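Asker: here is my input; please provide its structure:
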Amino acid sequence: MVNSFPLPSALIEDSEDFKRCSPTEKLYMFYILSELNLHQWQERKENYFKDDMSIAVTLNVKEDTIRRARRKFQKLGYIDVRPGFRNPATGQAVATTYLGSKWLDLVEKIKEANKEGPEDEGDKDPESGNNEKGRFSLIHRYTFYSMLDKMRKGRFDSYDIVTLVYIYYLRDKFKDKKEEVYKDEKYDFYITKKEFSDLTNMRASKLEECIINLYEKITFKDGSHYFEYEDLYHRWEFNNIIWLADPSDDDNNRSNYEAMKERLKAQIDKAKEDKQNEPGLKFISAYRWMYRQHMDKDIERYYGDVKQATELLEMFTAEQMQEMARWYITADRHELPASCQAKKTRTIRDFLNNVEVIFRELKDLAKSIK
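Answerer: Numbers count the residues shown, from 1 in each chain. A predicted model of the protein is given here:
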């Protein structure tokens, strides 16, 4: 299925390092595997570039969290990555380059082995028919991305989405179960609470909370859910597990997918703009604090000054800006430069418009803060 991405059992079931990862780290790994798989399926010859900020916004976490996860999985050998850098000649930033993943390489080997047939029938899984030394489950990409969109809206968290991915993984694992074995059963698969807890490295009580969230927060028009389940004393039974209709086959979901991508792009653009303006935002926060301390009241809110403050911080250091702002707020009116004396209030806008004047005229101050 070209609209799904593979998760090999060697990663999900056999890797103790992966089991110990946090839900956010697992979500990062799932997302990277999906993106690399999609990139390869589209037969693109160029490398796959993705900056940490874009992934952070996609997964609704901080950029540092993504940076740590990337380094962790690179150290474990899970992904082959060339970190981003700034070209010294042009000054242009180059995003992180993802060159591949050992897990997708493994999936390709499993596919080839399945084409050739297992060398030893004794290695064959009697339920799935896959070679026990290597199998993988397919996770529907649009359903996964749709859940990430809901997470960005605050409806779910990383624990919920990881739980759903594991349910889909197990559904696919047992999809080929023999009819004569399961003909009297009313579920797609069952798993004991201890087994599910061991597999996900999540407490059974947390898993229960996530299962309830996933079931109760989403009800489709026909009354169905992502799955039906029964919570028994020692195990969960899951049945009627469904994907969302794929955008390639459903006009409504095609429109939803395009709208989702546009929302995400806007969120990423805003996050990058905020990061670029972060020095200006920090200065304005400091200015308002100094103003409140001296004037004993809050300054007016003016939204057009962030970019201007950021640009001035490329000319002056943060220490210089704060020292000049402190003087501007506390100085007697007659001490101010002529261009400032007519101002009754010491607003951020007036300060930013007169920074260069203040710096030139107050030579002694300028020398002391260089």
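Asker: quick one: pLDDT of the spatially closest residue to Asp305 that is not a sequence neighbour?
Answerer: Of all residues not flanking Asp305 in the chain, Ile348 sits nearest, at 5.2 Å (C-beta to C-beta, 6 or more residues apart in numbering). Heads up, the C-betas are built off the backbone N, CA and C, glycines and all. For Ile348, the pLDDT comes out at 83.
Asker: Ile348 and Arg82: what is the separation?
Answerer: 41 Å (C-beta to C-beta, to the nearest Å).
Asker: state the number of residues packed around the residue nearest to Asp305.
Answerer: Using other C-beta atoms under 10 Å, Ile348 is surrounded by 22 other residues.
Asker: Lys307 now?
Answerer: Around Lys307 there are 12 other residues, counting by other C-beta under 10 Å.
Asker: pretty sure it is touching Glu278, no?
Answerer: No: counting by C-beta atoms under 8 Å, Lys307 does not reach Glu278; the two are 11.8 Å apart.
Asker: gap between the residue nearest to Asp305 and Met321?
Answerer: In terms of C-beta to C-beta, Ile348 sits 11 Å off from Met321.
Asker: contacts only, for the nearest residue to Ser197 once chain neighbours are set aside.
Answerer: Excluding its sequence neighbours, the residue lying closest to Ser197 (C-beta to C-beta, 6+ apart) is Ala204, at 4.9 Å. By C-beta atoms under 8 Å, 6 or more residues apart in numbering, the residues touching Ala204 are 193-194, 196-197.
Asker: with Gly77 instead?
Answerer: Residues in contact with Gly77 (C-beta under 8 Å, 6+ apart) are Lys102.
Asker: distance check, it against Arg135.
Answerer: Per C-beta to C-beta, Gly77 is found 21 Å from Arg135.
Asker: low pLDDT regions in the stretch 1-150 of the chain?
Answerer: Applying pLDDT under 70 to the stretch 1-150 of the chain flags the ranges 1-2, 41-47, 84-94, 116-133.
Asker: find the nearest non-adjacent residue to the residue nearest the centre of the chain, please.
Answerer: Central residue of the chain (C-alpha atoms, centre = their mean): Leu59, 1.9 Å from the mean position. For Leu59, ignoring the flanking residues on the chain, the nearest one in space by C-beta to C-beta, 6+ apart is Leu27 at 5.6 Å.
Asker: look up how far Met53 lies from the one you found.
Answerer: 16 Å.
Asker: so between these two, which is more surrounded?
Answerer: Legend: neighbour count by other C-beta under 10 Å for Leu27 and Met53, higher for Leu27 (26 against 19).
Asker: now do the SS call for the more buried one.
Answerer: Secondary structure for Leu27, judged by DSSP: H, G, I helix; E, B strand; the rest coil, is helix.
Asker: residue contacts, it?
Answerer: Leu27 neighbours (C-beta under 8 Å, 6+ apart): 59, 158, 161-162.
Asker: can you put these in JSON lines and add secondary structure and distance to Phe220?
Answerer: Shown next, in JSON lines, are the contacts of Leu27 (DSSP: H, G, I helix; E, B strand; the rest coil; distance: C-beta to C-beta, whole Å):
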{"residue": "Leu59", "secondary structure": "coil", "distance to Phe220": "25"}
{"residue": "Ser158", "secondary structure": "helix", "distance to Phe220": "23"}
{"residue": "Ile161", "secondary structure": "helix", "distance to Phe220": "18"}
{"residue": "Val162", "secondary structure": "helix", "distance to Phe220": "22"}
